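1. I'd like to go over a predicted model; first the sequence, then the structure.
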Number of protein chains: 2
Amino acid sequence: MPASPAEASTQIDRIHAVGARATPARIAVLRLLESAESALSHREIEEALATGFDRVTLYRVLDWLVESGLGHRITDGERVFRFSLAAPANASHAEHAHFRCECCGKMFCLADIPVPAPALPAGFSGKAVEYCVTGQCARCETDVSSDES
Amino acid sequence: MPASPAEASTQIDRIHAVGARATPARIAVLRLLESAESALSHREIEEALATGFDRVTLYRVLDWLVESGLGHRITDGERVFRFSLAAPANASHAEHAHFRCECCGKMFCLADIPVPAPALPAGFSGKAVEYCVTGQCARCETDVSSDES
DNA sequence: ACGACACATGCAACAAGGTTGCAACAAAGA
DNA sequence: TCTTTGTTGCAACCTTGTTGCATGTGTCGT
């Protein structure tokens, strides 16, 4: 079920709400991230949006997304950035934990698990925290155990 | 104060203990990491060891270090890997938190701060946890405040 | 509805970090 | 000392992300 113009208006509103231009690339990325179950890398976004947006355009859209506060950027353990939407403006988007599956490579937001506040040594001031667990996700876990040949 | 052969024997023993060959590159990297106050990136290691080891050699030494259990690899928030030595075999090297200074780029091991165990959703199994705080370290903090012009 | 302007896009080139293949070399044991 | 097997150096390559610049387009004022 591809985009209908009516559905796209949701994204357009969100874009305008942060004082930016509603462009096809931005709308498409927003829509994609909204329906994503896990944080996506630039590569994954490029492949999902087979619409021929330029690589650089996507990088810029993603940068804009973070700058404007509509999304965040997290780093998985493998030198790539991943992007997910921030929660809608009403909810305060507390920092949450992430889970990266070694098997399928997907990254999940563990919204339920609050990131424990760090106790830093004297003189240190923390701004942001990344809390990322690596392991196997539920699906890969069952795949592997049922595949024990 | 450069390496003395006598001091190097410590490193050689550690290398032999994991069943590997004691080569100049490995000894040098081990020595460097032992004296490092923070986790070092490949680049930093290459510059500190101005001894002309090949880039690739260092990458391979670092990979070996992690595989053999003598060191770990962590990712700072900026797409680069950093390496530090594992604690000596007697101590169980519990996972610890890291701190990356946005200002000077250094990465510190916060050995005192235990990484809280994650509560994962059903079906997920975690193997490793990364807990990294970003902010300003004590030195940069004072530099900035005394530099307010 | 139209035009202007600022911002967004596409292209090409670049940069940094890391990996691979392969021939030459050297540490460890016989 | 000799052999073997693991290590090194080199060159080339890949991936991820960035920059400069000319062209295109969304938005606003009219």
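-> Right, received. Where do you want to start? Numbering: from 1, shown residues only, chains lettered A, B, ... in the order given.
2. Next one, pLDDT for residue A:18 please.
-> pLDDT recorded at residue A:18 is 94.
3. Now it: phi and psi?
-> phi -100, psi 10 (degrees, to the nearest 10).
4. quick one: contacts for it?
-> Contact analysis of residue A:18 by C-beta atoms under 8 Å, 6 or more residues apart in numbering or on different chains lists A:68, A:69, A:70. Where C-beta positions appear, they are placed from N, C-alpha and C, glycine not excepted.
5. Among those, pick out the one closest to residue A:95, please.
-> Distance ranking of the contacts of residue A:18 against residue A:95, using C-beta to C-beta, places residue A:69 first at 14.0 Å.
6. ok so, going back, secondary structure added to the contacts of residue A:18, as a markdown table?
-> Formatted as a markdown table, the contacts of residue A:18 follow (DSSP: H, G, I helix; E, B strand; the rest coil):
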| residue | secondary structure |
| --- | --- |
| A:68 | coil |
| A:69 | coil |
| A:70 | coil |
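7. By neighbours, which of those residues wins?
-> residue A:70 (23 neighbours; other C-beta atoms under 10 Å in any protein chain shown).
8. Wait, that residue touches residue A:30, no?
-> Yes. Between residue A:70 and residue A:30 there is a contact at 7.3 Å, judged by C-beta atoms under 8 Å.
9. Can you give me the pLDDT of residue A:122?
-> On pLDDT, residue A:122 comes in at 84.
10. now residue A:147
-> Predicted confidence (pLDDT) for residue A:147: 56.
11. Quick check: which helices or strands does whichever strand or helix holds residue A:30 pack against?
-> Secondary structure assignment for residue A:30, by DSSP states H and E: helix A:24-35. When contacts are defined as 3 or more C-beta pairs under 8 Å, 6 or more residues apart in numbering or on different chains; DSSP states H and E, helix A:24-35 packs onto helix A:5-17, helix A:42-48, helix A:55-67, strand A:81-85.
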